[in-house]
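**Q** Need coordinates for the below:
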Amino acid sequence: MKRKFCTIGKVVLGPGYPVAVQTMLKTEYRRVSLLTREIRAIKKAGCEILRMAVEKKEDSEFVGFVKEKSGLPLEADIHFDWRLALLAIKEGADGVRLNPMNIKSMRKVREIAKRAKAKNVSIRVGINSGGFRKAYKPQQLARLMVEKVTDYVEALEKEEFFNLMLSFKAADIPTTLAANRQARKIFPYPLHIGITATGPQQEGLIKSSIGLGILLREGIGETLRVSLNAPAWQEVEVAKVILQSLGQRQFLPEVISCPTCSRCKVDLRREVERFKKRLRSLSLNGQAKTLKFALMGCVVNGPGEASQADLGLAFGWRQAAVFEKGKVICRWPARDSIEKFLVLIKERYGEKKN
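**A** Numbers count the residues shown, from 1 in each chain. Purely as a prediction, here's the structure:
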């Protein structure tokens, strides 16, 4: 089966293209200053596709505002009222998401497809397990989800509409895995992957990392959202970490650190967070994206266990050892070491100004 492509704005999803990171606006649109702040944070975090809920006619009036402020491809999330999809397209949305569980008329779906095709707008057919009222085993529920989406896809294809992506999300990992695995065998279209309704933040992080990690490792997923009970920009950052951990994307230098033990004589957690924040502000060259920097809590865990790091810092009681590929190259006073380490990184890997 030859795989197809989907284009949303300037982002192309499909074979040979990087897995795109997305998130969803969480601020009430009429709170314009807060909305603008959220958009700015999302963009700074590195979001590549942005989604917004269009629940009523008034929401569609903010499509142009969000597009202008973000500069990102924008997908309008539509439920129940099919006319909202038409409004979102009219206002400039780059894509619309339709839910087969609450927009069921194929006549209306075909009307949306005609309008979307005329405006070069993509459609995501997105189904969630929560739309089913009965309890099913994961494989059964996955099959029902795929069947519902199949009816939609066939209706869209009859209108010769192929700029499609599909999504199959559940609140549990087994159903999500089963549905996406089935979908990959049946459909040639790109898949948007995610675990939905993941619960509290920590549980959401764990469930999303496991579920999405498995799918991505199997080559399933052209774009992803990490759904968390947390700010949208954090969803973007977690998605980037998942992709980078699997070796599928490189966004920033990797920072590694030890879990600490009684040998550690510094507040390593604080030092690592401070270092990460400062590192992001440095203008580094392209090579730096592939590097590893280590901050270790003692000399035992330093050059030895972090020997794979390009550069590292191992804290002692009063001194910090600087090491490169496992070999100590110098020592600094511990209290000044983070600042000196950042200077060293900038000297070696900073962008050269013409």
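**Q** For the rest of this, base every contact and every neighbour count on C-alpha atoms.
**A** Fine.
**Q** Stretch 159-166: end-to-end distance?
**A** In stretch 159-166, first residue to last residue: 17 Å (Cα to Cα, to the nearest Å).
**Q** Report the buried residues of that stretch.
**A** For stretch 159-166, a neighbour-count test (16 or more other Cα atoms under 10 Å) marks 161, 162, 163, 164, 165, 166 as buried.
**Q** give me every residue that touches the third one.
**A** For residue 163, the contact set (Cα atoms under 8 Å, 6 or more residues apart in numbering) comprises 5, 6, 7, 121, 122, 123.
**Q** Got the phi and psi for it?
**A** phi -80, psi 70 (degrees, to the nearest 10).
**Q** Number the residues from 120 up from this point.
**A** New numbering, starting at 120: the last item is residue 282.
**Q** quick revisit: which ones among the buried residues of stretch 278-285 lie within strands?
**A** Within the buried residues of stretch 278-285, residues falling in strands by DSSP state E are 283, 284, 285.
**Q** ok, of these, which one's closest to residue 247?
**A** Taking Cα to Cα as the measure, residue 247 sits nearest to residue 285 out of these, at 11.2 Å.
**Q** Just list whatever residues bridge to that closest one.
**A** Per DSSP bridges, the residues bridged to residue 285 are residue 244, residue 310.
**Q** contacting residues around it?
**A** The contact partners of residue 285, by Cα under 8 Å, 6+ apart, come to 243, 244, 245, 308, 309, 310, 311.
**Q** of those residues, buried ones?
**A** Neighbour-count burial (16+ other Cα under 10 Å) is assigned, among the contacts of residue 285, to 243, 244, 245, 308, 309, 310, 311.
**Q** quick one, helices of the stretch 170-319 of the chain?
**A** 176-179, 182-189, 202-209, 225-237, 257-277, 292-305 (DSSP state H, counting those that start in this stretch).
**Q** helices or strands next to the third one in the packing?
**A** For helix 202-209, the elements it packs on are helix 176-179, strand 193-197, strand 214-217, helix 225-237, judged by 3 or more Cα pairs under 8 Å, 6 or more residues apart in numbering; DSSP states H and E.
**Q** any chance of these in CSV, with mean neighbour count, mean pLDDT and distance to residue 335 too?
**A** Listed next are the helices and strands packed on helix 202-209 as CSV, based on neighbours: other Cα atoms under 10 Å; pLDDT from 0 to 100; distance: least, Cα to Cα, whole Å:
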stretch, mean neighbour count, mean pLDDT, distance to residue 335
helix 176-179, 17, 97, 33
strand 193-197, 26, 98, 22
strand 214-217, 28, 98, 22
helix 225-237, 17, 96, 29
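**Q** Point out the one among those that comes closest to residue 152.
**A** With distances scored as Cα to Cα, the stretch of the helices and strands packed on helix 202-209 nearest to residue 152 is helix 176-179 (16.0 Å).
**Q** Contacts for that closest one next, please.
**A** 148, 172, 173, 203, 206, 207, 210.
**Q** List just the nearest of those to residue 293.
**A** residue 172 (27.1 Å).
**Q** What number of residues are in the vicinity of that closest one?
**A** For residue 172, the count of nearby residues is 20 (other Cα atoms under 10 Å).
**Q** Including distance to residue 419 and pLDDT, could the contacts of helix 176-179 go into JSON lines?
**A** Output for these, formatted as JSON lines (distance: Cα to Cα, whole Å; pLDDT from 0 to 100):
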{"residue": "148", "distance to residue 419": "52", "pLDDT": "97"}
{"residue": "172", "distance to residue 419": "51", "pLDDT": "98"}
{"residue": "173", "distance to residue 419": "55", "pLDDT": "98"}
{"residue": "203", "distance to residue 419": "61", "pLDDT": "98"}
{"residue": "206", "distance to residue 419": "62", "pLDDT": "98"}
{"residue": "207", "distance to residue 419": "58", "pLDDT": "98"}
{"residue": "210", "distance to residue 419": "60", "pLDDT": "98"}
